[in-house]
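Q: 3D, please:
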Amino acid sequence: FSRTCSVLLIAGLLAGGVIFVRYDLFRDQIMILRTYQWSGLSRWQEGFLSTFLFQTHPFVTILALCGIYRAVRNKDIRFLIPAWFAVLVLILQIKRIRYIIPLFPLFALMAAYGLQLIKDWSVKQFISLCIAASSLVLVYSAYLPFLNTTGMANLKHAGQYLNTLNCDSVEVYALPQESSSGSTFAAIPILDYHTVKKIVSPQEWPGHMQDSTTQKSSLRFTWETTKPDLYSQPETDKSCAVVIISGRALDPAAVAFTQKDPGPLKALKEFGLTSEVFKYQTFVTIFRKE
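A: Residues are numbered from 1 along each chain as shown. I've put the predicted structure just below:
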């Protein structure tokens, strides 16, 4: 017990020191929680049944409960350390799985502790492989195929295509979204992640929109994304391509007022994957400067 208290005390002192040093950062995060995220949490919640019997493999949840039973039966106070997962989740009523993910290592320790109730090594191995195999099946048969059909996949494929062009830099422009309240400019850094080319963004990125719809939108952060200085620097080599990211299939007439330098453009490639699940779309059209 004294060792557990010592660990908690040291962890508390270290956490308190970090909060003291970066109090302004934590204060701003709490303000965002109160004015923005809290209202969103009240509009939609996930249930514990969904989190622990659907989004988490049921075997993991059952083994975690077995771990609690084993710890109580053996009066093993060491179990209190991973058991903080249950305390935090239940007391704070954290029902959205995205906020529970950082605590999942503790949940896995609870399940591993419960797995020790099973004496047969082959049964242990079978249960563990079932959990891992089902996760891999879901990833490769459901999640990855779905992600590869969304608009974000256009940015990945466009970045890979840009890598094949014989130039060092490309100009990237963003057009407004049609159906979404988000800003298309936030997609430019994602395109940058998928290409080795130097990104030049001649446009001024708009600031945060102050209307009530955007203030409460889940895409509010896209308007708060500021333009990095590296995108403002003039390119050292003349760019050979123009990339336009838009919220719908590109209208050829839009090219005339988005291009910085006069001159004809020739369409090289279009990436138009779209999913009806999301309103925020990222169509990518690549042009070559003639």
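Q: pull out the buried positions in stretch 7-14.
A: By neighbour count with 16 or more other CB atoms under 10 Å, stretch 7-14 contains no buried residues. To be clear about C-beta, it is placed using only N, CA and C from the backbone, and glycine gets the same treatment.
Q: need the three-state assignment for residue 199.
A: Three-state assignment for residue 199 (DSSP: H, G, I helix; E, B strand; the rest coil): strand.
Q: pLDDT at it, what is it?
A: Note for residue 199: predicted pLDDT of 92.
Q: same thing with residue 263?
A: 62.
Q: Three-state assignment for residue 172, please.
A: strand.
Q: if I read this right, it contacts residue 201, doesn't it?
A: Yes: in this structure residue 172 lies within contact range of residue 201 using CB atoms under 8 Å: 5.4 Å.
Q: joint contacts of these two?
A: By CB atoms under 8 Å, 6 or more residues apart in numbering, residue 172 and residue 201 have these common neighbours: residue 188.
Q: who has more neighbours, those two?
A: residue 172 (28 against 20; other CB atoms under 10 Å).
Q: residue 18 versus that one, what's the distance?
A: 37 Å (CB to CB, to the nearest Å).
Q: residue 274 too?
A: 43 Å.
Q: check the offset of stretch 281-290 from the chain's centre.
A: The gap between the average C-alpha position of stretch 281-290 and the chain average comes to 25 Å, counting by CA atoms, centre = their mean, to the nearest Å.
Q: alpha carbons only: can I get it in CSV?
A: Provided in CSV are the C-alpha atoms of stretch 281-290 (Å, rounded to 0.1, in the frame of the first residue of the first chain):
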residue,chain,number,x,y,z
GLN,A,281,-14.9,16.6,-49.1
THR,A,282,-11.4,17.0,-50.6
PHE,A,283,-11.4,16.6,-54.4
VAL,A,284,-7.9,17.1,-55.8
THR,A,285,-7.2,18.3,-59.3
ILE,A,286,-3.6,18.6,-60.6
PHE,A,287,-2.6,20.8,-63.5
ARG,A,288,0.6,21.3,-65.4
LYS,A,289,1.8,24.7,-66.3
GLU,A,290,2.2,25.1,-70.0
